[in-house]
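A.B. asks: Just need the structure, nothing else, for what follows:
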Amino acid sequence: MYLHLGHDTVIRKEEILGIFDIDTSTVSGITRNYLSRKEKEGNCITVSYELPGSFVVCTDKDGNETVYISQLSAATLYKRTEDVF
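C.D. replies: Okay, the predicted model is just below:
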């Protein structure tokens, strides 16, 4: 199955490591450093230039991590992962 992160970005649910609220999780310096490192590595994709609500950490079958920054809230994205069609 797939998860729509907003605009034209869709990811495979199997690749998701975690969905995080950007306001509460970036309070930690460790998280801010992680996001900064991923951005410098080129592994950070901004889905929309609207105010960010969450970020999603994904890994591919080779173990490479990619961070998607979405305008949607973590609760909305999590609910979408549970939807069964």
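A.B. asks: Please count neighbours and contacts with C-alpha atoms only from this point.
C.D. replies: OK.
A.B. asks: gap between residue 32 and residue 66?
C.D. replies: Distance, residue 32 to residue 66, by CA to CA, to the nearest Å: 15 Å.
A.B. asks: more neighbours, the two?
C.D. replies: Counted by other CA atoms under 10 Å, residue 32 and residue 66 do not tie: residue 66 has more neighbours, with 21 against 14.
A.B. asks: Show me which helix runs longest in the protein.
C.D. replies: helix 29-41 (DSSP state H).
A.B. asks: just checking, what packs against it?
C.D. replies: If you count contacts as 3 or more CA pairs under 8 Å, 6 or more residues apart in numbering; DSSP states H and E, helix 29-41 packs onto strand 65-70.
A.B. asks: which other residues reach the strand it packs on?
C.D. replies: Residues from elsewhere that reach strand 65-70 (CA atoms under 8 Å, 6 or more residues apart in numbering): 5-6, 35, 38, 43-48, 52-59.
A.B. asks: Let's see the PyMOL selection covering just the buried ones among these.
C.D. replies: Command for PyMOL that selects the buried part of the contacts of strand 65-70, burial taken from 16 or more other CA atoms under 10 Å:
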select buried, resi 5+35+38+44+45+47+48+52+53+54+55+56+57+58+59
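A.B. asks: The contacts of strand 65-70 in helices, which ones?
C.D. replies: The helices, defined by DSSP H, take in 35, 38 from the contacts of strand 65-70.
A.B. asks: what about residue 16, how many neighbours?
C.D. replies: Neighbour count for residue 16, taken as other CA under 10 Å: 18.
A.B. asks: which residue sits closest to it, ignoring its sequence neighbours?
C.D. replies: Leaving aside its sequence neighbours, residue 16 sits nearest to residue 58 (CA to CA, 6 or more residues apart in numbering; 4.4 Å).
A.B. asks: what sits against the one you found?
C.D. replies: Contact partners of residue 58, counting by CA under 8 Å, 6+ apart, are 15-18, 65-68.
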